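Participant: Sequence first, predicted model second:
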Amino acid sequence: MSDGAYQIRAADIDDLDRLTELLLALQDHVEAANPTLWQMTGKGRQNLKGQIRGRLTAQDARALVAEHPEQGVVGMIFGRVVVNNRYTPPQAGQIDQAFVHPNHRRRGVGALLAAGICRFFAEQGVEDLTLRYALGNDEAVAFWQALGFAPRIVVAGASRQEIEARLAQMQTRATAFITSV
């Protein structure tokens, strides 16, 4: 598939180095957008290429790249089918990561990648799609919401020390209230 300037195709092992670069750029972008998120360790960065290699060959998964004729691979999207027979629908399409190099944004590349992964999910009989994006990543929020994605479950986080300090304050207030009654 192509829009004249970009071709969307299945990623392969020859794309491994570029996929690693793009996923690290995505990680850096997300960490900068929301510094409260977990940060990828140096070891995690070193192991990323091996993880991508495994994802390229995983059953029920697809990785697509957006390729520019002169600049090569400038975007990617990873999706997989998740099966859980305890729920209806029993399978869902999970978009794991998507990223377009900043120089190629707002040119329809993300939409081409999303359309390609939707075709994969349709081939697998998947009707419902899910994804995660980081609060603070305003580009991702706007893009995915424009496509119709809306929050269903909120995942919240805090440090254990912060929780313990607030619990101690609550207990102090509760004790003060009980002794004043």
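Facilitator: Done, it's in. Please read all numbers here as calculations on a predicted model, not as lab measurements.

Participant: Output the lowest mean pLDDT helix or strand found in this protein.
Facilitator: Ranked by mean pLDDT, DSSP states H and E, the weakest helix or strand in the chain is helix 160-180, scoring a mean of 85.

Participant: residue ranges of the strands in the chain, please?
Facilitator: Per DSSP state E, the chain carries strands over the ranges 7-10, 61-68, 72-83, 91-100, 129-131.

Participant: and of the ones you listed, who's closest to Asp138?
Facilitator: Asp138 lies closest, by Cβ to Cβ, to one member of these: strand 91-100, at 14.5 Å. C-beta here means a position set from N, CA and C on the backbone, and glycine is covered the same way.

Participant: Output stretch 67-81 as PDB - backbone C-alpha positions only.
Facilitator: What follows is stretch 67-81, C-alpha atoms only, in PDB (Å, rounded to 0.1, in the frame of the first residue of the first chain):
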ATOM      1  CA  GLU A  67       8.900   3.500   4.200                       C
ATOM      2  CA  HIS A  68       9.800   6.700   2.500                       C
ATOM      3  CA  PRO A  69      11.500   6.300  -1.000                       C
ATOM      4  CA  GLU A  70      14.500   8.400  -0.100                       C
ATOM      5  CA  GLN A  71      14.700   8.200   3.700                       C
ATOM      6  CA  GLY A  72      13.900   4.600   4.400                       C
ATOM      7  CA  VAL A  73      11.800   3.400   7.300                       C
ATOM      8  CA  VAL A  74      10.300   6.400   9.100                       C
ATOM      9  CA  GLY A  75       7.500   4.800  11.100                       C
ATOM     10  CA  MET A  76       6.300   1.600  12.600                       C
ATOM     11  CA  ILE A  77       3.400  -0.100  14.400                       C
ATOM     12  CA  PHE A  78       3.200  -3.300  16.300                       C
ATOM     13  CA  GLY A  79       0.000  -5.200  16.900                       C
ATOM     14  CA  ARG A  80      -1.000  -8.600  18.300                       C
ATOM     15  CA  VAL A  81      -4.100 -10.700  18.900                       C
END
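
Participant: buried sites along that stretch?
Facilitator: Glu67, His68, Val73, Val74, Gly75, Met76, Ile77, Phe78, Gly79, Arg80, Val81 (16 or more other Cβ atoms under 10 Å).

Participant: now do stretch 89-97
Facilitator: Gln91, Ala92, Gly93, Gln94, Ile95, Gln97.

Participant: Could you dump the strands of the chain into TSV with distance to Pro35 added?
Facilitator: As requested, these are arranged in TSV below (distance: least, Cβ to Cβ, whole Å):
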stretch	distance to Pro35
strand 7-10	33
strand 61-68	28
strand 72-83	24
strand 91-100	19
strand 129-131	22
